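Asker: Whatever this is, show me its structure:
(4 chains)
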There are 4 protein chains.
Amino acid sequence: MEKKLSPQNIVNKLYENDPFTKWLKIEVLEIRKGACILQMTIRKEMLNGFAIAHGGITYSLADTALAFASNTHGRKSVSIETSISHTESLKEGDIITATTEEKNLTNKTAVYHITIKNQNDKTVALFKGTVYRTSKEWEIG
Amino acid sequence: MEKKLSPQNIVNKLYENDPFTKWLKIEVLEIRKGACILQMTIRKEMLNGFAIAHGGITYSLADTALAFASNTHGRKSVSIETSISHTESLKEGDIITATTEEKNLTNKTAVYHITIKNQNDKTVALFKGTVYRTSKEWEIG
Amino acid sequence: MEKKLSPQNIVNKLYENDPFTKWLKIEVLEIRKGACILQMTIRKEMLNGFAIAHGGITYSLADTALAFASNTHGRKSVSIETSISHTESLKEGDIITATTEEKNLTNKTAVYHITIKNQNDKTVALFKGTVYRTSKEWEIG
Amino acid sequence: MEKKLSPQNIVNKLYENDPFTKWLKIEVLEIRKGACILQMTIRKEMLNGFAIAHGGITYSLADTALAFASNTHGRKSVSIETSISHTESLKEGDIITATTEEKNLTNKTAVYHITIKNQNDKTVALFKGTVYRTSKEWEIG
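Answerer: The predicted structure follows:
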């Protein structure tokens, strides 16, 4: 009897218990093995002192995408090191989309590039994340 | 007549218009030229799917500290590139403190190391941030 | 009278005075505005204590590619912050190729992803570099 | 019978088989558990097209320091992700010293900050490195 969860089920498990991702109102557009596409809208309470989105907001979207993409392989994976460049500012109402790209996958670690674009398809942030792949499997129940 | 703002006044200006930093309930413990110490408490709505603080929360605290510390010199400064390692997980109720260290300051750029520790003085995140220092001064009014 | 140098001429100027790039025996496969492809072979004197290429070798190839690609726009550009993940080890005789991708270009800064692959088209290193674009132009003479 | 190697012996083993570190003429000033101090001199063949030390040279010194410091704990450790900011240029004849600081040590990973200074005690590069700690021990013989 197969006990392994599908990529979609793993993300459901992660998401249903994730209050901050819910606060961000992140919408899952696509999930497959090793990848995901996520979207959210910049709200007033996400702005910083320059009246643009706080850097922590785009980081949070990318970090969630990293968790979702890396865990879909079925093994619990945790972030080791991440970096982000904020290349364009964002205003209230802007819609941002994070797309993951798996650049390397070994037994112990994996590396992802995550690009965040706005509604005009302009790149607003470039994120690189490395995860450690634990030996614990995601299981049913 | 001096038009320049003090480090404390610059941070006040940044903070009074920063809804996300307010949502995080960041408390300013110390401000001086090129440095700051910030503190906040992990709340339930900041947790992720593993019931620990979302990586975006510690990043947001560090990124705010980067903005505060780099702007205290009097010139408007913006983040170019940041990286963070999450070295310890955080639970609801944990109190975290970010302390900045200015590692380099040139005419155009500056580099900061920001260490985040929990209430037991254990390091929970290591952040490195580079800013671009614009030629615009913070001015009164 | 046009005084600006072509991308190829800028790289020639950089290369003809670059003893370390010559020591590495880097070969320029392609040069165009904002991009380049470079190649080199791992020699015995480039190995580390594990009998694989020292991390500094792949970094050096990527850093040279960053300098070449970013300077081809005609303005003198200097590295601000770089990161690299070594995803696969390299042995003596391996041939590595660095390909740049310009991810962002603004008036003051630019961001590049540089992928290094071996002769079997396997990714061996992932590099991300941010440069500061000075106002000095590359000029003839 | 004790089979474990001392920090000094581990570094000797790494160094005696490291042609590139020898080419750099790296001198080991200090070795202890989790730390090291390394020094070298900038030679003509290490310069780039701007007549200053190639970024790969300071990276190579820091990366060697990362390998030495992380392996002294007795378990074979490999670099996962590294970043470096070059904050000051270097000329022929400059003497640079890398000092490591262990910022985090867990069962599987460790994080180091490495600061490189010149002969005038000015910081010339800031390096951050994360290693994966394998389960293989350094042993005699």
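
Asker: Now do the contacts for residue A:108.
Answerer: By C-beta atoms under 8 Å, 6 or more residues apart in numbering or on different chains, residue A:108 lies in contact with A:132-133, D:132. For every residue, glycine as well, the C-beta is placed using N, CA and C.

Asker: Tell me how far it lies from chain B.
Answerer: According to C-beta to the nearest C-beta, to the nearest Å, residue A:108 stands 16 Å off from chain B.

Asker: Now residue A:70: closest residue in space, sequence neighbours ignored.
Answerer: In space, and not counting its chain neighbours, residue A:70 is closest to residue A:77: 4.0 Å by C-beta to C-beta, 6 or more residues apart in numbering or on different chains.

Asker: so which strand or helix has that neighbour?
Answerer: Counting by DSSP states H and E, the element that carries residue A:77 is strand A:75-86.

Asker: one step back: buried only: go through the contacts of residue A:108 for me.
Answerer: Neighbour-count burial (16 or more other C-beta atoms under 10 Å in any protein chain shown) applied to those gives A:132-133, D:132.

Asker: Can you tell me which of those is closest to residue A:30?
Answerer: Checking the buried ones among the contacts of residue A:108 against residue A:30 with C-beta to C-beta, the nearest one is residue A:133 at 21.8 Å.

Asker: May I ask you to confirm that the closest one is in contact with residue A:104?
Answerer: No - assessed by C-beta atoms under 8 Å, residue A:133 is found out of contact with residue A:104, at 11.5 Å.

Asker: which residues does the residue most central in space within chain A contact?
Answerer: The residue lying closest to the centre of chain A (C-alpha atoms, centre = their mean) is residue A:65, at 1.2 Å. By C-beta under 8 Å, 6+ apart, residue A:65 lies in contact with A:36, A:38, A:98-100, A:112, A:114, A:127.

Asker: the helices in chain A, which residues?
Answerer: Listed in chain order, the helices found in chain A under DSSP state H are A:7-16, A:19-23, A:55-71.

Asker: Please compute how far the longest one lies from its chain's middle.
Answerer: Distance of helix A:55-71 from its chain centroid, counting by C-alpha atoms, centre = their mean, to the nearest Å, is 3 Å.

Asker: Flag every residue of chain A that's near chain C.
Answerer: Chain A comes close to chain C at residues A:83, A:85, A:87, A:103-104, A:106, A:111, A:113, A:115, A:123, A:126, A:128, A:130, as judged by C-beta under 8 Å from any C-beta of the partner chain.

Asker: Apply 7 Å and report the result again.
Answerer: Proximity of chain A to chain C is confined to A:83, A:85, A:87, A:103-104, A:111, A:113, A:123, A:126, A:128, A:130 under the rule C-beta under 7 Å from any C-beta of the partner chain.

Asker: And residue A:83, how far from residue A:59?
Answerer: 10 Å (C-beta to C-beta, to the nearest Å).

Asker: okay, these two: which has more neighbours?
Answerer: Higher neighbour count among residue A:83 and residue A:59: residue A:59, with 28 against 23, using other C-beta atoms under 10 Å in any protein chain shown.

Asker: And the pLDDT for the more buried one?
Answerer: The model reports residue A:59 with a pLDDT of 98.

Asker: correct me, but it touches residue A:86?
Answerer: No - counting by C-beta atoms under 7 Å, residue A:86 is not a contact partner of residue A:59; they are 8.6 Å apart.

Asker: picking that back up, out of the helices of chain A, deepest packed?
Answerer: Among the helices of chain A, helix A:55-71 has the highest mean neighbour count (mean count of other C-beta atoms under 10 Å in any protein chain shown), at a mean of 27.

Asker: quick one, it and helix B:55-71 angle?
Answerer: Helix A:55-71 and helix B:55-71 are oriented at 150 degrees to each other (axes from the mean of the first three to the mean of the last three C-alpha atoms, to 10 degrees).

Asker: now helix A:55-71 and strand A:75-86, what's the angle there?
Answerer: Counting by the same axes, to 10 degrees, helix A:55-71 lies at 150 degrees to strand A:75-86.

Asker: burial measure for the closest residue in space to residue A:16 that isn't next to it in sequence, as a count.
Answerer: Nearest residue to residue A:16, sequence neighbours excluded (C-beta to C-beta, 6+ apart): residue B:49, at 7.8 Å. Taking other C-beta under 10 Å as the criterion, the count of residues near residue B:49 is 22.

Asker: hang on, the earlier thing: and which of the residues of chain A next to chain C is nearest to chain D?
Answerer: Checking the residues of chain A next to chain C against chain D with C-beta to the nearest C-beta, the nearest one is residue A:130 at 5.0 Å.

Asker: Bridge partners for the nearest residue to residue A:82 once chain neighbours are set aside, pull those for me.
Answerer: Taking C-beta to C-beta, 6+ apart, and ignoring the residues beside it in sequence, residue A:82 has residue A:129 as its nearest neighbour in space, at 4.4 Å. Taking DSSP bridges, one obtains residue A:82, residue A:112 as the residues bridged to residue A:129.
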